[in-house]
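Asks: can't give you the sequence, but here's the structure:
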């Protein structure tokens, strides 16, 4: 991996995936943080020479599972269906239980998509207590979660291809 990458994941198993396609579905909410997650993902995809990617924006984290599923269904039969979908968002704890409800709903929604869709949906949602914790996950002590999501997506595409015998 390149020097800029402080990812905690290694890149073993990512070979010859230049033809892979990845869709990033991300939120407008907490956009400074989320945009850096997306930028880190794009850097990693570029590093592995993946040029087929698309970005879809939704208002908030709660809308991520719906948008992922709708994108999949809208691209059925078009040749534009991705090998993986990455959902990016950032939910920061506040003073009300809203944080708990949103985090639980998004987590369960992404889980259900992984069980229903024939491609992996990568959980790139930061669920943090404060903005500092989010920033620590954008290249700080906890790696860069955007880069890690891209690596996870590519590893899952590779696994899927391996299992399919391609």
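Replies: Done, it's in. None of these values were measured; they are calculated from a predicted model.

Asks: For the residue most central in space within the chain, give me its contacts.
Replies: Among the residues of the chain, the one closest to the centroid is residue 86, at 2.7 Å (Cα atoms, centre = their mean). Contacts for residue 86 (Cβ atoms under 8 Å, 6 or more residues apart in numbering) come out as 22-25, 41, 121-122, 124, 149-150, 153. Every residue, glycine included, has its C-beta placed from N, CA and C.

Asks: Among those residues, pick out the one closest to residue 52, please.
Replies: Lowest distance from residue 52 to these (Cβ to Cβ) belongs to residue 22, with 7.3 Å.

Asks: Verify the stated contact: the closest one with residue 81.
Replies: No. Using Cβ atoms under 8 Å, residue 22 makes no contact with residue 81, being 11.3 Å away.

Asks: Neighbour count: these two, which is higher?
Replies: It is residue 22, of residue 22 and residue 81, that has more neighbours when counted by other Cβ atoms under 10 Å, with 26 against 18.

Asks: Would you tell me what the next helix or strand after the helix or strand where that one lies is?
Replies: Element membership for residue 22, per DSSP states H and E: strand 21-27. Using DSSP H and E, the next helix or strand after strand 21-27 towards the C-terminus is helix 31-47.

Asks: Distance from the chain centre to that next one, please.
Replies: Centre-to-centre, helix 31-47 and its host chain are 10 Å apart (Cα atoms, centre = their mean, to the nearest Å).

Asks: counting contacts, what elements does that helix pack onto?
Replies: strand 21-27, strand 52-58, strand 84-92, strand 121-128, helix 131-136, strand 138-140, helix 145-164 (3 or more Cβ pairs under 8 Å, 6 or more residues apart in numbering; DSSP states H and E).

Asks: Flag whichever of the ones you listed has the least confidence on average.
Replies: The stretch with the lowest mean pLDDT among the helices and strands packed on helix 31-47 is strand 138-140, at a mean of 92.

Asks: in its sheet, what does it sit against?
Replies: Its sheet considered, strand 138-140 pairs with strand 143-144 (antiparallel) by DSSP bridges.

Asks: Look up the pLDDT of residue 3 for me, please.
Replies: For residue 3, pLDDT reads 38.

Asks: Repeat that for residue 7.
Replies: Taking residue 7 on its own, its pLDDT is 51.

Asks: Likewise for residue 165?
Replies: So residue 165 comes in at 86 (pLDDT).

Asks: give me every residue that touches residue 72.
Replies: Contacts of residue 72 by Cβ under 8 Å, 6+ apart are 81, 85, 117, 119.

Asks: Look up phi and psi at the third one.
Replies: Just to be clear, that refers to residue 117. phi -90, psi 150 (degrees, to the nearest 10).
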